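Q: What follows is a protein structure lacking sequence information:
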């Protein structure tokens, strides 16, 4: 990914994640505080501490206050809690709390008053001796602020380069801590994006200080990992900061109260980020897994008959894999693999179709957002000629459907100035820039979430995104902008499904709620006596704090597809997690969660809310999805198969649920 595309992407991420400010429970904790005992904690300083009904209450006994310190130590952790206090309360959270040679204490302090992160030192009685604001970490898409990262070494004055060898570590550890320099004017511009559905991005010059709701419960989420610290108050992140402990600080966390005001904490939950679990490889008994390659080449995959033998081939990344065995692959463009933690792949979305009209299947690829057409060289063993046919695309998802009813698929995308548009080639010049037809007014379309289907039942394809739906005019799809019907279909997720979920004859909308957050939902279409259309939301999955279908919870449902997987005549939803969406960082919730792939069976049930339920079944737990994948019947046995490509490699999941005998392999 080039530098010129990185900054617009960062801005788009900040904009998206700033849209939703509600705090979420986005991890499974290793520790939670419950009950009315402070066993496992000890006080330091001048504050009274007690526990009752799952709450921890701290009351300062003098203006310096005191600390409640856990007995257990952590180095990297995520902490979530809620706190309540009166006006002018002074509270915070200390992590990596360590003894100093003079018998005092030091650690990384997250202030609940201003959301800032500080180095603090304390004397043996817990009195604060110094507080130095940590520098903004200007590195993006990484969990390391100072050392080598996806964006190169961060130039942070006063910070040592992380040691590489044991001898260097010992030499560095023997040095006295360097005094952290104050930020230069303008330092931190461009800042880090927020996190998950509810983490606001740090904008130019840093975000404003979060506001505490006096007398109400406030949420706080603190992440300390490697040499970076994030503090999120009431859903608003205060910016990324760089620790000064050379990533070697270790110790318990502590709650702090000072001043004159009692502070109450509840729902204290901690996750040890040093502890990571990779689940045992599990594949559904209803599928047979075939791994086509082991490396990260793309975030998308599709299928088409590339070599003109009547058998579908798989296209993913720079390769096409020849069916029916899919063991032979060819480059149609120059190939290189990527590091999931350090590189964004160029290929996001793929589609195969004969766009040139010569009888050979071509490939359309969204390559870091501009859309390219690769022209099939008709069996020649070489890389294909490439043409930039839609230069203005800015979305991370595109949908290929016949929108205008001419029997040929068009590409739906977000163009410049946030305009939802579709493009189609000129048959006389298919490799030239495609004709773009605008559907929406400017500013109504974004990077995530869109779909095509007939909402109002007039036989014409309408278009949806998370802001609502656009009604195709009777005069034809090329006449725009179309009539807009505002509906809040979430924050912008993956491809959106439009089909009759509950069997009432009206098409509903099924969607991921937030591509880089949490949630799946279906929106039931309703009609009033005058025929006006409205929608009722029914949640399928939320975060870890909600009741979810089948008890299934995962974040970042960035890609989805819809097909009748079990042969009951009703479409189902296939969806999964996009692992390391913003590289190996904490910009997204539960970023280290398993890379799962699920299908949600649509079950019509008159007794269920809305007349339907979605029943999840795990297809695989170590592959996930990218920005787009394909569900199609590869082998002609009547059962749609699933093809994915992402950080874990490229996979086929052969559907065994209602499949007939597999056709014999053809000889070439």
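A: Sure thing, it's come through. Here the structure is a predicted model, which is why all the values come from computation and not from measurement.
Q: could you check the distance from the most centrally placed residue in the chain over to residue 446?
A: The chain has residue 516 as the residue nearest its centroid, 2.5 Å off, counting by CA atoms, centre = their mean. According to CB to CB, to the nearest Å, residue 516 and residue 446 sit 12 Å apart. Glycine gets a C-beta too; all of them are placed from N, C-alpha and C.
Q: How about residue 352?
A: Residue 352 is 26 Å from residue 446, by CB to CB.
Q: Stretch 255-263: which residues count as buried?
A: 255-259, 261-263 (16 or more other CB atoms under 10 Å).
Q: typo on my end, it should be stretch 63-71
A: 64-70.
Q: got the end-to-end distance for that stretch?
A: One end of stretch 63-71 sits 25 Å from the other (CA to CA, to the nearest Å).
Q: which stretches of the chain have low pLDDT?
A: Along the chain, segments meeting pLDDT under 70 span 1-24, 146-210, 659-668.
Q: Can you show me the helices along it?
A: 3-18, 166-174 (DSSP state H).
Q: Now do the buried residues in stretch 102-112.
A: Residues of stretch 102-112 classed as buried: 104-112 (neighbour count, 16+ other CB under 10 Å).
Q: Stretch 501-510 now?
A: For stretch 501-510, by 16+ other CB under 10 Å, it's 501-502, 504, 506-510.
Q: which ones among these are found in strands?
A: Secondary structure from DSSP state E places 508-510 of these in strands.
Q: picking that back up, look up how far residue 582 lies from the residue nearest to the residue nearest to the centre of the chain when sequence neighbours are not counted.
A: Sequence neighbours aside, residue 588 is the residue nearest to residue 516 in space, at 5.1 Å (criterion: CB to CB, 6 or more residues apart in numbering). Using CB to CB, residue 588 is found at 6 Å from residue 582.
Q: again with residue 639
A: 35 Å.
Q: and if you look at residue 535?
A: 31 Å.
Q: and these two? which has more neighbours close in?
A: residue 582 (23 against 20; other CB atoms under 10 Å).
Q: Distance of that one relative to residue 493?
A: For residue 582, the distance to residue 493 - CB to CB - is 16 Å.
Q: ditto for residue 476
A: Residue 476 is 29 Å from residue 493, by CB to CB.
Q: Between the two, point out the one with more neighbours.
A: residue 493 (30 against 13).
Q: Verify the contact between that one and residue 559 for me.
A: No: checked against CB atoms under 8 Å, the pair residue 493 and residue 559 is beyond contact range at 9.1 Å.
Q: Return the member of the buried residues of stretch 501-510 nearest to residue 322.
A: residue 510 (33.6 Å; CB to CB).
Q: Contact partners for that closest one?
A: 496-499, 501, 520-523, 562, 573 (CB atoms under 8 Å, 6 or more residues apart in numbering).
Q: How many neighbouring residues does the nearest residue to it once chain neighbours are set aside have?
A: Spatial nearest neighbour of residue 510, excluding adjacent residues (CB to CB, 6+ apart): residue 497 at 4.0 Å. Residue 497 has 27 neighbouring residues, counting by other CB under 10 Å.
Q: So residue 497 sits against residue 575, correct?
A: No: contact criterion CB under 8 Å: residue 497 and residue 575 do not qualify, at 9.8 Å.
Q: which residues are common contacts for the two?
A: With CB under 8 Å, 6+ apart as the test, residue 497 and residue 575 both reach residue 560.
Q: Tell me how far residue 32 lies from residue 298.
A: Distance from residue 32 to residue 298, by CB to CB: 39 Å.
Q: Have a look at the two and say which one is more surrounded.
A: Legend: neighbour count by other CB under 10 Å for residue 32 and residue 298, higher for residue 298 (26 against 11).
Q: List the contacts of the more buried one.
A: 316-318, 345-348, 350, 626, 645-646, 650.
Q: Tabulate the residues you listed in TSV, adding columns for neighbour count.
A: Formatted as TSV, these follow (neighbours: other CB atoms under 10 Å):
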residue	neighbour count
316	30
317	31
318	22
345	25
346	22
347	25
348	25
350	32
626	29
645	32
646	31
650	29
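Q: quick one: which of those residues is nearest to residue 384?
A: Distances from residue 384 to the contacts of residue 298, taken by CB to CB, are shortest for residue 318, at 10.2 Å.
Q: Verify the stated contact: that closest one with residue 347.
A: Yes: using CB under 8 Å, residue 318 is in contact with residue 347, at 7.4 Å.
Q: Now list whatever residues contact both of those two.
A: By CB under 8 Å, 6+ apart, the residues touching both residue 318 and residue 347 are 297-298.
Q: Tell me where the stretch 201-350 of the chain has strands.
A: 218-225, 228-233, 236-242, 254-258, 263-272, 287-293, 301-304, 313-316, 319-322, 328-331, 347-353 (DSSP state E, counting those that start in this stretch).
Q: which helices and strands does the third one pack with?
A: Looking back up the chat, that one is strand 236-242. Contacts defined by 3 or more CB pairs under 8 Å, 6 or more residues apart in numbering; DSSP states H and E place strand 236-242 against strand 228-233.
Q: the inter-axis angle of the strand it packs on versus strand 218-225?
A: 170 degrees (axes from the mean of the first three to the mean of the last three CA atoms, to 10 degrees).
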